[in-house]
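Engineer: pasting a predicted model and its sequence here:
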Amino acid sequence: MQWLNLEDNVNLLALIGAALIIVLTIVVAGRYVGQMKVKKDESVELSEHNWDGIGEYKNPVPLGWAVVFLLALVWAIWYYLLGYPLNSYSQIGEYNKEVKEANAKFEKEYANPSKETLHAMGESIYLVQCSACHGITGDGIGGKAANLQIWGSEKGIVETILNGSKGLDYPMGEMPAGLADAEGAKAIAAYVAKEISAIKSTKNENLVATGKELYAACASCHGEDGKGMDGMSVDLSKYGSASFVADVLNRGKKGAIGTMPKFNDGRLNEIQQSAVGEYVISLSKGE
């Protein structure tokens, strides 16, 4: 077995140290268990501390404890400075190096991926990372999570205006529900979809002018241009694009069945986030 490799000095000394600790523990514990069987001299002085009538003898630190403590200190100093210094080989360091090399190779290979490549990559990542909550088809599993089949579409804007948007961490806070009635929401959605968002089209051209007037209620948070006032709220100019999805992935989101974690912790690189964005946006293309 590799851990019993006695040719490695560090491994050998570690095993010797472990054996000594076990022997000392048995000896010291045996000695004090034996002393417990002998009645204490009534003249032994008690300390001034007392807990519910239970006193404490003023005994010196046991020699065995003191010796083991000092040996442990010496061992620790030797281990960190000579036996296994902090800059020496470690499995964690090797793993981090391999991950860094793999990421570099990945980024080089997919430096300029096509939309088809991003879509295929995004679908694979989605099925592993996202489908457990949003469903394999992105339908949100009956309202348990966001319905990605309309997310990024004009219909998604209408739903957000009517129901509000919760869970995203922005300085302006969460968007409340009921800022407009059904007809008003439809008009605002038409204006945002056509003039502000990345969708750049609407199914309700006749409502764009009305939506522009009603959008004033939204501009106080999102800004006249819809760009979120320098990060104070959601940037609507990205809505309907892969970069909008990437923003959400980086921020995380609280939902009805828990919290979607932030994917900026290294589990997904920028290319993979863009890939997920391309795939998620493709789910709403029929809307």
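Structural biologist: On my side now, so go ahead. Treat the numbers as computed from the prediction; the structure is a model and nothing was measured.
Engineer: for stretch 180-195, C-alpha coordinates in PDB please.
Structural biologist: Output in PDB follows, covering the C-alpha atoms of stretch 180-195 (Å, rounded to 0.1, in the frame of the first residue of the first chain):
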ATOM      1  CA  ALA A 180     -49.400  47.900 -15.000                       C
ATOM      2  CA  ASP A 181     -52.600  46.100 -16.000                       C
ATOM      3  CA  ALA A 182     -52.700  43.400 -18.600                       C
ATOM      4  CA  GLU A 183     -53.100  45.900 -21.600                       C
ATOM      5  CA  GLY A 184     -50.500  48.300 -20.200                       C
ATOM      6  CA  ALA A 185     -48.000  45.400 -19.700                       C
ATOM      7  CA  LYS A 186     -48.600  44.300 -23.200                       C
ATOM      8  CA  ALA A 187     -47.800  47.800 -24.600                       C
ATOM      9  CA  ILE A 188     -44.700  48.200 -22.400                       C
ATOM     10  CA  ALA A 189     -43.500  44.800 -23.600                       C
ATOM     11  CA  ALA A 190     -44.000  45.800 -27.200                       C
ATOM     12  CA  TYR A 191     -41.900  49.000 -26.700                       C
ATOM     13  CA  VAL A 192     -39.100  47.300 -24.700                       C
ATOM     14  CA  ALA A 193     -38.900  44.400 -27.200                       C
ATOM     15  CA  LYS A 194     -38.800  46.600 -30.300                       C
ATOM     16  CA  GLU A 195     -36.800  49.600 -29.100                       C
END
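Engineer: what sits up against that stretch?
Structural biologist: Stretch 180-195 has contacts (CB atoms under 8 Å, 6 or more residues apart in numbering) with 154-155, 157-158, 161-162, 179, 199-205, 207-212, 214-215, 217-218, 226, 236, 239-240. The way it works is simple: take the backbone N, C-alpha and C, and place the C-beta from them, glycine included.
Engineer: how about stretch 229-236?
Structural biologist: Residues outside stretch 229-236 that contact it (CB under 8 Å, 6+ apart): 165, 168, 170-172, 175, 192, 196-197, 221-223, 226-228, 244, 247.
Engineer: which parts of that stretch are buried?
Structural biologist: 229, 233, 234, 235, 236 (16 or more other CB atoms under 10 Å).
Engineer: for residue 127, which non-adjacent residue is closest in space?
Structural biologist: residue 136 (6.8 Å; CB to CB, 6 or more residues apart in numbering).
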